[in-house]
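[1] just coords:
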């Protein structure tokens, strides 16, 4: 109920939001149909009241553990109108022409979850983002859009990205939502070449697996320096065992190597393959 009152207040404060609607269309909020719109909240007051919004979001899959083959994203759909005592389905589609990600390859979602539950004023549709090799080189995009059906209309084509009446803000779309995602890695500023040698994605992934770290831990400075010596020795032992077994780890065009005091000996393997 609070969300409905809040939504109607925003609509009254910014009548220009509904630029695509004729005045008679407003009767739908008191008639047989309610309205729905997509909203991603980006800021709150200290009491939890939404203050800013966007019609897109970007995910970096590199900050999640390497063991996670899929990352859960969501499209949040809200109600304008009366709450019902039964589930009401809505239509959420993917704009194939405007999307660069392919459903079933880079992402997927279950259309059976597209409904406003009984007694509720919103629902979050889960979208599974897949850790596909394409994402290490490119940022892919999924563009969703709502369609009207027998239960709902999609009248909120535009609204301001700020809930403050005295902030000019920008206008964003209430019927479309974009999810951008990638799996690109940046060199962590805390990376120690003395311990680990030159940084690479593969080398960091090996370290993260050994130490239980993630790329986000590196970016947020949560990989303790005092553990670097242990981490380098542990990775050296792993690489040495693989090299001695005749299966050295390649990092690009060279064998994976560490810092000056943690060098892996590849001489036996190199000699045996001359």
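    Cool, got the structure. Just so we're clear, the structure is a prediction, and the values are computed from it rather than from any experiment. Residues are numbered from 1 along each chain as shown.
[2] if I've got this straight, residue 108 is in a strand?
    Yes - per DSSP: H, G, I helix; E, B strand; the rest coil, residue 108 lies within a strand segment.
[3] which SSE is residue 204 in?
    Residue 204 is part of helix 201-211 when elements are defined by DSSP states H and E.
[4] let me fix that: residue 233
    helix 228-244.
[5] packing partners for that helix?
    helix 193-196, helix 201-211, helix 267-272 (3 or more C-beta pairs under 8 Å, 6 or more residues apart in numbering; DSSP states H and E). All C-beta atoms are positioned from the backbone trio N, CA, C, and that covers glycine.
[6] local confidence estimate at the residue lying closest to residue 89 once chain neighbours are set aside?
    Nearest residue to residue 89, sequence neighbours excluded (C-beta to C-beta, 6 or more residues apart in numbering): residue 115, at 4.4 Å. If you check residue 115, the pLDDT there is 97.
[7] before we move on, back to that, of all the helices and strands packed on helix 228-244, which one is nearest residue 134?
    helix 201-211 (14.6 Å; C-beta to C-beta).
[8] so which elements touch that closest one?
    helix 215-219, helix 228-244.
[9] any chance of TSV for the helices and strands packed on helix 228-244, columns mean pLDDT, mean neighbour count and distance to residue 243?
    Formatted as TSV, the helices and strands packed on helix 228-244 follow (pLDDT from 0 to 100; neighbours: other C-beta atoms under 10 Å; distance: least, C-beta to C-beta, whole Å):
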stretch	mean pLDDT	mean neighbour count	distance to residue 243
helix 193-196	96	17	17
helix 201-211	92	18	13
helix 267-272	66	11	5
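[10] right, and those - which one's nearest residue 99?
    Across the helices and strands packed on helix 228-244, closest to residue 99 is helix 201-211 (C-beta to C-beta), at 25.9 Å.
[11] got the angle between that closest one and helix 228-244?
    Interaxial angle, helix 201-211 versus helix 228-244 (axes from the mean of the first three to the mean of the last three C-alpha atoms, to 10 degrees): 110 degrees.
[12] would CSV of the helices and strands packed on helix 228-244 with distance to residue 155 be doable?
    Converted to CSV, the helices and strands packed on helix 228-244 look like this (distance: least, C-beta to C-beta, whole Å):
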stretch, distance to residue 155
helix 193-196, 55
helix 201-211, 46
helix 267-272, 68
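[13] thanks again, I'm all set now.
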